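[1] got a predicted model here, sequence first, then my questions.
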Amino acid sequence: MSDVQEATKQLLDVNLHENWRAIQVTESDPRSESEHLQVTIGATVPTGFEQTAADEVREKLGSSCKISKDRGKIYFDISVESLAQVHCLRSVDNLFVVVKEFKDYQFKETKEEVLKDFEELAGKLPWSDPLKVWKINTSFKKKKTKRKKINQNSGREKIDNGQGDKTDEKEDKKGFTNNTLDSHILDYYENPAIKEEISTLVGDDLASSKDEKDEKEETHPKVLKFRVTCNRAGEKHCFSSNEAARDFGGAVQDYFKWKADMTNFDVEVLLNIHDNEIVVGIALTEESLHRRNITHFGPTTLRSTLAYGMLRLCAPQPADIIVDPMCGTGAIPIEGATEWSNCYHIAGDNNPLAVNRAANNISSLLTKSQIKEGKVSWSLPIDAVQWDICNLPLRTGSVDIIVTDMPFGKRMGSKKRNWNLYPACLREMSRVCKPGTGRAALLTQDKKCFTKALSGLGHVWRKAHTVWVNIGGLHAAVYLLKRTPQAFVHPSEQDGERTPW
Ligand SMILES: C[S@@+](CC[C@H](N)C(=O)[O-])C[C@H]1O[C@@H](n2cnc3c(N)ncnc32)[C@H](O)[C@@H]1O
């Protein structure tokens, strides 16, 4: 029996009734069959933070990473025993196991020929090991949630980590508002190459010729349900992602005899095309891992994965005091408190609604963790306060690290107001931050205003590094600043007017 036939048989054996996962893991634990299996894992990460993610993978899994030229993706090899650890990475959004990578795929001249090749490809790929990994992975995945169609998704702002309104505009422009997309695709869409075209094999198209036999199968499901998602980026393709997903998906269906289902699938096959590089993979996450901490969303909630990247840039050390003075829902300090629990984190905002959301998020996380750990006394090293960043109730030189996501002046605040806010907050941050050792990672899309404000404060802040990031389609920057050794002298202190905190 060939590898592929064997894998198919294994998969067709899976019982797809409600409790199928429990049955498969106990009856025939695929882990025992797959010890020492080596596979390549692909991960989508916040654009600009590929190197941070690669560092995390090396540190936690001991694997070196290949950073894809398709921005926002990394690849690394693991032994399948490390799969659970892969799900604990903090910098990755979505995970997939690589079936095959084509570094220099030769596309034929015409669309018909290219699509024919995609059809033939399905039967030639080494599916066996990736499918074993997929099977093992089902025991690590979050409980399956029913996917919502985009145009029914009332919680849109929940998945918008950006500050502009561009995500909606782009979807509308690209005609992606039809009900074939769901929030999972939006994760890809928000993420790296926003120019990517994303299409999914439409289950309804393939299933439209349902006959009576199909109806019966619905009540007694025996076969796996799947969908194919194609992410295409690059100018020179003579086909659309929709056509690639449709034809490749049709061939996958014929090959495995799986059933196409857009919203309630078991296997998601990914066809990532970037110029002449193709990666075929199988998704290992149903929902982006960046949603881990937040239950009470705000208008500009930041991805936890991006929050992790910003915190990591500042290299927190034990006992550091880390402050987010414009915390919104608290995404940054909450990520900080869970990952750097040997530091103390303070979340502040001038908007009482934001402080309330941050407090609720802390509270939900505490409850969740207490249940998980089984300890009532479990706590997080974090506090939420209402304050104005221009006049912080913190002692001069008392803070080690400031990590914050500043109002871009689009959805939050206004560009005009930023001209006063940015210099004032950079000055106040320089006051509370420890001279010589203090550092700050500040995210903004209002680069012009930020650069101007910083130029007047060169004696207290030195720009060490800039990470360019894509936030919901907006070109933004994370500035890593180092506090110079120069002591802070506030103008009003000179006049003897300032409150002596
Ligand atoms: C971009 S949002 C932060 C979003 C946050 N990272 C999150 O995940 O929800 C900027 C925040 O700055 C706050 N803000 C604006 N002006 C402020 C000020 N003078 N003092 C403190 N916070 C301020 C806003 O209320 C808003 O919550």
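    Noted; the coordinates are in hand. Because the structure is a prediction, the values reported are computed rather than measured.

[2] Val228 reaches Asn272, doesn't it?
    No - if you go by Cβ atoms under 8 Å, Val228 and Asn272 don't touch, sitting 11.2 Å apart. C-betas here are computed from N, CA, C, even on glycine.

[3] ok so Trp468 is a strand residue?
    Yes - counting by DSSP: H, G, I helix; E, B strand; the rest coil, Trp468 is found in a strand.

[4] helix, strand or coil for the residue of the chain found nearest the ligand?
    Nearest to the ligand, among the residues of the chain, is Gly328, at 2.4 Å (Cβ to the nearest ligand atom). Following three-state DSSP, Gly328 is assigned to coil.

[5] how many other residues sit next to it?
    26 (other Cβ atoms under 10 Å).

[6] all strands for the stretch 251-400 of the chain, in order.
    Assigned strands in the stretch 251-400 of the chain, in chain order: 259-260, 267-274, 277-283, 321-324, 344-349, 382-386 (criterion: DSSP state E, counting those that start in this stretch).

[7] kindly report the same for the stretch 1-150 of the chain.
    So, for the stretch 1-150 of the chain - with DSSP E, counting those that start in this stretch - the strands run 38-44, 65-67, 73-79, 94-102.

[8] identify the residues contacting the last one?
    If I follow you right, that is strand 94-102. For strand 94-102, contacts defined as Cβ atoms under 8 Å, 6 or more residues apart in numbering pick out 39-44, 75, 86-87, 125-127, 130, 133-134, 137, 184, 187-188, 191, 269-270, 277-285, 288-289.

[9] what residue ranges in the stretch 401-501 of the chain score low on pLDDT?
    411-413, 490-501 (pLDDT under 70).

[10] all the strands of it, residue numbers only.
    Using DSSP E, counting those that start in this stretch, strands in the stretch 401-501 of the chain cover 401-405, 439-444, 461-471, 474-483.

[11] if we can go back for a sec, now the strands of the stretch 251-400 of the chain as CSV including distance to Phe248, mean neighbour count and mean pLDDT?
    Output for the strands of the stretch 251-400 of the chain, formatted as CSV (distance: least, Cβ to Cβ, whole Å; neighbours: other Cβ atoms under 10 Å; pLDDT from 0 to 100):
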stretch, distance to Phe248, mean neighbour count, mean pLDDT
strand 259-260, 12, 22, 94
strand 267-274, 5, 24, 95
strand 277-283, 8, 22, 96
strand 321-324, 44, 26, 98
strand 344-349, 46, 25, 98
strand 382-386, 46, 19, 97
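
[12] can I get those strands in JSON lines with distance to Leu426?
    Output for these, formatted as JSON lines (distance: least, Cβ to Cβ, whole Å):
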{"stretch": "strand 259-260", "distance to Leu426": "54"}
{"stretch": "strand 267-274", "distance to Leu426": "38"}
{"stretch": "strand 277-283", "distance to Leu426": "41"}
{"stretch": "strand 321-324", "distance to Leu426": "14"}
{"stretch": "strand 344-349", "distance to Leu426": "16"}
{"stretch": "strand 382-386", "distance to Leu426": "20"}
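
[13] gap between the residue nearest to Gly438 when sequence neighbours are not counted and Lys103?
    Distances taken as Cβ to Cβ, 6 or more residues apart in numbering put Arg483 closest to Gly438, at 3.4 Å, once the chain neighbours are dropped. Noted for Arg483: a distance of 44 Å to Lys103, by Cβ to Cβ, to the nearest Å.

[14] any chance you could map the helices in the stretch 251-400 of the chain?
    Ranges of helices in the stretch 251-400 of the chain, per DSSP state H, counting those that start in this stretch, are 304-313, 331-339, 352-373.

[15] the ones you listed: which one's closest to Lys447?
    Nearest of the helices of the stretch 251-400 of the chain to Lys447, taken as Cβ to Cβ: helix 304-313 at 16.1 Å.

[16] what residues of the closest one count as buried?
    Applying a neighbour-count criterion of 16 or more other Cβ atoms under 10 Å, one finds 304-313 buried in helix 304-313.

[17] same thing with stretch 481-492?
    Neighbour counts over stretch 481-492 (16+ other Cβ under 10 Å) mark 481-484, 488 as buried.

[18] need those in a markdown table with distance to the ligand, can you?
    Shown next, in a markdown table, are those (distance: Cβ to the nearest ligand atom, whole Å):
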| residue | distance to the ligand |
| --- | --- |
| Leu481 | 17 |
| Lys482 | 22 |
| Arg483 | 20 |
| Thr484 | 24 |
| Phe488 | 19 |
